[in-house]
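K.L.:
structure of the sequence below:
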Amino acid sequence: MYRYILVALLFCFFNTHSQTTADPQFDSPYELNWAVDGPYLGASIGLNVLGFRLIQEKDALTMDELENLSREDVFILDRWAAGNVSPDADELSYIPFYGSFAMPLLFLLSENERNHAGQISVLFVESMATAGALFTISAGAIHRSRPMVYNEDVPVKERLENDAQCSFFAAHGAATRAATFFLA
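P.N.:
This is a model prediction of the structure:
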């Protein structure tokens, strides 16, 4: 995964560098400063790595803890979701998730934005790295069971995985919001 981020960053750097140096009339509404943007990208990607480590090292529920789980212990506004499982909804959630990553390509429809594709790419990577850092650190540090953990029809093995404790906040929602807000 990090190889892809590195390739994207290199593309952004070289594309931005070639745009600004090749055309002396280059006038962009976007301002990049690698002295600021470079460390920011490095820090946000580093926080993603930290968050992923937190998620990987997160303790799963024990069998005793699983047996003692009660929907009544779930915050009242979230209680309705405890136990919900829908493979169809899970499949459908990938459509807006992946679609939102492609939405910034709409910038390519405008010649003005196409001329600033490198800068827009850097801004997009910064946005997604920020959202990723917020998600991974939150999901790694906050212990909250996913709704499926409360469903006894779900195999115990799945309910006991450490990933089943990463309910706050939703990765699909965070990434989709970041990408669509970026486009807006």
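K.L.:
measure residue 78 to residue 72 for me?
P.N.:
12 Å (C-beta to C-beta, to the nearest Å). (Glycine included, C-beta is placed from N, CA and C.)
K.L.:
same deal with residue 157?
P.N.:
In terms of C-beta to C-beta, residue 157 sits 25 Å off from residue 72.
K.L.:
packing partners of the helix or strand containing residue 100?
P.N.:
Counting by DSSP states H and E, the element that carries residue 100 is helix 87-102. Packing partners of helix 87-102 (3 or more C-beta pairs under 8 Å, 6 or more residues apart in numbering; DSSP states H and E): helix 171-183.
K.L.:
other residues contacting the helix it packs on?
P.N.:
Contact with helix 171-183 is made by 93-94, 96-97, 100-101, 103-104, 106-107, 123-124, 127-128, 130-132, 134-135, 139, as judged by C-beta atoms under 8 Å, 6 or more residues apart in numbering.
K.L.:
now that helix: how far from the chain's centre is it?
P.N.:
Relative to the chain's own centre, helix 171-183 is displaced by 8 Å; criterion: C-alpha atoms, centre = their mean, to the nearest Å.
K.L.:
for that helix, which positions count as buried?
P.N.:
171, 174-176, 178-179, 182 (16 or more other C-beta atoms under 10 Å).
K.L.:
next, the contact list for residue 156, please.
P.N.:
Contacts for residue 156 (C-beta under 8 Å, 6+ apart) come out as 63, 66.
K.L.:
gap between residue 178 and residue 109?
P.N.:
Applying C-beta to C-beta to residue 178 and residue 109 gives a distance of 21 Å.
K.L.:
residue 78 and residue 72: which is more packed in?
P.N.:
residue 78 (13 against 8; other C-beta atoms under 10 Å).
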